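S.K.: predicted model and sequence follow; I will ask about them next.
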Amino acid sequence: MRAPVAEQQALLERQVVDSAIDRLRHRRANLPEDGRLAELRTSRAAIDQLSAERDGTLLTTRREQERLEHDIDNLGRKAAAEEARAAAGRVTSPKELTAIQAEVQGLRRRIATLEDELIERMETRETLEAELADLAGRAQVAEGERAEVTLARDAALAEIDKDLAARRAERAAVAPRVGEALGRLYDQIRARSGGVGVAALEGDTCQGCRVSISPVELRKLRELPPDEVRRCENCRRIMVLV
Ligand SMILES: [Zn+2]
């Protein structure tokens, strides 16, 4: 393939711009802030799940507490009524009085057991409420960091996009200086060679693969007509003499 020397030089300029655009796009797709935001989303989801579980347990505990308070209340009233009946003097049979006393004692024992259970529920509730407060605090910290990192991410994106726009304008300026055939060949090589389709030959070294060209090959390359498009014998990239 043949292409004017000016076109080959322009292709080297285009490579510089294309590589810069590639680097910017890579940076844009791999921002550390995006990585941190993903971590924060994961940890926030874990906090929310734990909170939902604790909330559920707290609701159950509250209901149990209310049920116990209600039962203790009822049994207390029942015991008081029995005691009042015994004290009123209308029950005269000693046997019946003993039976009432036994029932009241039984009721008081039940109440004591329920009160122990009630204390247990209240302690559980306190623990759950403390855990929920801690989780809410952690969620708030995560939310604060998320807002901060989002700002930093957006600033980084804006900076990169500004650079990208400038580089794309440079590419638009240099692109018309490269002929269609040479541009196509460059694009094909670039696609399969890590983004580098053209490299300068500096001294005896291809700047695309950094391999020295043999003296025989080097002489051949130098003796080719200037508009002959040279290729590196090692990496097959377009090579431009500088
Ligand atoms: Zn090479």
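M.R.: In hand now; what should we look at? What you see is a predicted model; the values in this text were computed from it and never measured. Residues are numbered from 1 along each chain as shown.

S.K.: ok, residues contacting stretch 97-110?
M.R.: Identification of contacts with stretch 97-110 by Cβ atoms under 8 Å, 6 or more residues apart in numbering yields 75-76, 78-79, 82-83, 85-86, 91. C-beta: built from backbone N, CA, C; applies to glycine.

S.K.: of the residues you listed, just say which sits nearest to residue 203.
M.R.: Closest to residue 203 out of these is residue 75 (100.9 Å), distances taken as Cβ to Cβ.

S.K.: centroid residue for this protein?
M.R.: The centre of the chain sits closest to residue 38, judged by Cα atoms, centre = their mean, with a distance of 0.5 Å.

S.K.: ok, now how distant is it from the ion?
M.R.: 39 Å (Cβ to the ion, to the nearest Å).

S.K.: which of the helices or strands spans that residue?
M.R.: helix 32-87 (DSSP states H and E).

S.K.: next, the closest residue to residue 225 other than its chain neighbours: phi, psi?
M.R.: Nearest residue to residue 225 in three dimensions, chain neighbours excluded: residue 2, at 7.7 Å (Cβ to Cβ, 6 or more residues apart in numbering). Dihedral pair for residue 2: phi -120, psi 140, per degrees, to the nearest 10.

S.K.: neighbours of residue 2, just the number please.
M.R.: Residue 2 has 13 neighbours, counted by other Cβ atoms under 10 Å.

S.K.: distance check, the nearest residue to residue 34 once chain neighbours are set aside against residue 159.
M.R.: Of all residues not flanking residue 34 in the chain, residue 153 sits nearest, at 6.2 Å (Cβ to Cβ, 6+ apart). According to Cβ to Cβ, to the nearest Å, residue 153 stands 11 Å off from residue 159.

S.K.: which one of those two is surrounded by more residues?
M.R.: residue 153 (17 against 13).

S.K.: how about the contacts made by that one?
M.R.: Contacts of residue 153 (Cβ under 8 Å, 6+ apart): 31, 33-34, 37.

S.K.: if we go to 10 Å?
M.R.: If you count contacts by Cβ atoms under 10 Å, 6 or more residues apart in numbering, residue 153 has them with 31-37.

S.K.: which stretch of helix or strand covers the closest residue to residue 197 other than its chain neighbours?
M.R.: In space, and not counting its chain neighbours, residue 197 is closest to residue 190: 3.4 Å by Cβ to Cβ, 6+ apart. Using DSSP H and E, the element containing residue 190 is helix 180-192.

S.K.: so is that helix next to the ion?
M.R.: No. Using Cβ under 5 Å from the ion, helix 180-192 never reaches the ion; the gap is at least 10.5 Å.
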